[in-house]
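**Student:** take this sequence and fold it.
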Amino acid sequence: MFLPADEKQFKFWLLRRNGLPNINIAKHFGISRQAVSRALLSMDKRIEETLLEMARANRIEVEKMDSKTGILFGRSVPFKAKAIIFVSTKHGMQVWYEHEGECRSCERYRECIELLWDFAEEMHLKLQSTEDPTKIADELFRKLKELVEKV
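**Tutor:** Numbers count the residues shown, from 1 in each chain. Sure, this is the predicted structure:
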């Protein structure tokens, strides 16, 4: 399922994920709080359906999901590894598998670093500075799991 970033409902969802209360979103767009609440309920459902669809397509068993943050934690059946699916405003829907690798020799090294730092910034999470994507991912996903478990 496609998540249109230019849709107003998605913009409401992002603002709420960034901590803006519904009443402030309503004032910003000049609409009622009830209209924002209805739009967010609809977007939460779309986010949930999309996360679950991605999990099914990638054969990931769901362990924990939070549609308000756009994060799903699970376990990959074929890879026998922890997995996370998340919605990034800059990178779209992403699937990441826990793994150990030779990151420095990988042609996607910079891409991984950028993705992880960008998502940490989107989620307002501070990370230790390192150039090892595996360590960045471990720290980021540990903090995201703590965030989702609070909900």
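
**Student:** excluding its backbone neighbours, what's nearest the most centrally placed residue in the chain?
**Tutor:** With distances taken as CA atoms, centre = their mean, the residue of the chain nearest its centroid is Phe86 (2.8 Å). Distances taken as CB to CB, 6 or more residues apart in numbering place Ile71 nearest to Phe86, at 4.9 Å, with adjacent residues excluded. (Each C-beta comes from the backbone N, C-alpha and C, glycine too.)

**Student:** and that neighbour, how many neighbours?
**Tutor:** 24 (other CB atoms under 10 Å).

**Student:** gap between it and Glu102?
**Tutor:** Ile71 is 27 Å from Glu102, where distance means CB to CB, to the nearest Å.

**Student:** if we can go back for a sec, quick check: phi and psi at the residue nearest to Phe86.
**Tutor:** phi -130, psi 140 (degrees, to the nearest 10).

**Student:** who touches it in this structure?
**Tutor:** 51, 65, 84-87, 144, 147-148 (CB atoms under 8 Å, 6 or more residues apart in numbering).

**Student:** can you put the residues you listed in JSON lines and add distance to Arg17, pLDDT and secondary structure?
**Tutor:** Below are these laid out as JSON lines (distance: CB to CB, whole Å; pLDDT from 0 to 100; DSSP: H, G, I helix; E, B strand; the rest coil):
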{"residue": "Leu51", "distance to Arg17": "14", "pLDDT": "97", "secondary structure": "helix"}
{"residue": "Met65", "distance to Arg17": "14", "pLDDT": "97", "secondary structure": "strand"}
{"residue": "Ile84", "distance to Arg17": "16", "pLDDT": "98", "secondary structure": "strand"}
{"residue": "Ile85", "distance to Arg17": "15", "pLDDT": "98", "secondary structure": "strand"}
{"residue": "Phe86", "distance to Arg17": "11", "pLDDT": "97", "secondary structure": "strand"}
{"residue": "Val87", "distance to Arg17": "9", "pLDDT": "96", "secondary structure": "strand"}
{"residue": "Leu144", "distance to Arg17": "12", "pLDDT": "97", "secondary structure": "helix"}
{"residue": "Leu147", "distance to Arg17": "11", "pLDDT": "92", "secondary structure": "helix"}
{"residue": "Val148", "distance to Arg17": "12", "pLDDT": "92", "secondary structure": "helix"}
